[in-house]
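Visitor: What follows is a predicted structure for the sequence shown.
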Amino acid sequence: MQGIGMIDEAGRLRLIGAGVAGAAFGVVLVVLVLSSWTPATTTVLVVAGVPAGAAGAAVGVLTTMRSWRLDGGYEHSVEAQRWVADGRVPADVPADVWIPMLQAQADREGAGWGKVLLGVLWIAMSWSMRDQHGPLVTTMLIALWVGLALWGGVVVIPRARAARALLRDRVAALS
């Protein structure tokens, strides 16, 4: 895969997870929107939901791969995440390597806040349409959006802030 490098088993599992999440999002979004005009039947699910799921899976996988490519490849992305988790950058890594890698991790805070905002908005939208969807579908939708918001707020934002703090501390040590 051009620009991504070798992907290990954990990377392949991440791609599968991104595809599954994208597919779920695509199906839920299309069925949610269409259910405002037509009952959610098996035909609607097959005719509109399956293609939307396939498109969502492709988008999930492609955005994950794009993220790795922008980070300099899968190995660099994982290495930078490991540095953030450890709270240190190995001393033998030159500044022109670790600064852009940590900056890319720190720049993900905006994406985390976007997930939180989208989650809150979609929860409100799902709740406002509870009469049309019924309690089961409404609960499932809200659970999906809560998961998205929690991922952004509990994983993405703290990791980005930790990367920013590590970057700040390492740059200050250079001075």
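Guide: Done, it's in.
Visitor: Tell me who's in contact with the residue lying closest to residue 73 once chain neighbours are set aside.
Guide: Among residues not flanking residue 73 along the chain, residue 5 sits closest, at 3.8 Å (Cβ to Cβ, 6 or more residues apart in numbering). Where C-beta positions appear, they are placed from N, C-alpha and C, glycine not excepted. Residue 5 makes contact with 73, 74, 75, 76, according to Cβ atoms under 8 Å, 6 or more residues apart in numbering.
Visitor: Give me the three-state assignment for residue 5.
Guide: Three-state assignment for residue 5 (DSSP: H, G, I helix; E, B strand; the rest coil): coil.
Visitor: ok, so what distance separates it from residue 16?
Guide: Relative to residue 16, residue 5 is positioned 18 Å away (Cβ to Cβ, to the nearest Å).
Visitor: Between all of the contacts of residue 5, which two are at the greatest distance?
Guide: 74 and 76 (7.4 Å; Cβ to Cβ).
Visitor: So for the two, which sits in the more crowded spot?
Guide: Between residue 74 and residue 76, counted using other Cβ atoms under 10 Å, the more crowded position is residue 74 (24 against 19).
Visitor: What values do phi and psi take at the spatially closest residue to the more buried one that is not a sequence neighbour?
Guide: Computed as Cβ to Cβ, 6+ apart, the closest residue to residue 74 that is not its neighbour in sequence is residue 68, at 4.6 Å. Residue 68 adopts backbone torsions of phi -60, psi -40, taken as degrees, to the nearest 10.
Visitor: Could you verify my assumption that residue 68 touches residue 77?
Guide: Yes. At 5.0 Å, residue 68 counts as touching residue 77 under the criterion of Cβ atoms under 8 Å.
Visitor: what about residue 89, distance to residue 78?
Guide: 14 Å.
Visitor: Comparing these two, which residue is more hemmed in?
Guide: Neighbour totals were compared for residue 89 and residue 78, and residue 89 leads with 23 against 17 (other Cβ under 10 Å).
Visitor: Please look at that one and residue 169 and confirm they touch.
Guide: No. Using Cβ under 8 Å as the test, residue 89 is too far from residue 169 to be in contact (9.5 Å).
Visitor: okay, residue 40: pLDDT?
Guide: We have a pLDDT of 69 for residue 40.
Visitor: now do residue 119
Guide: 94.
Visitor: what about it, distance to residue 35?
Guide: Relative to residue 35, residue 119 is positioned 20 Å away (Cβ to Cβ).
Visitor: So those two - more neighbours on which side?
Guide: residue 119 (21 against 17).
Visitor: ok, now which ones touch that one?
Guide: 145, 146, 147, 148, 149, 150, 152.
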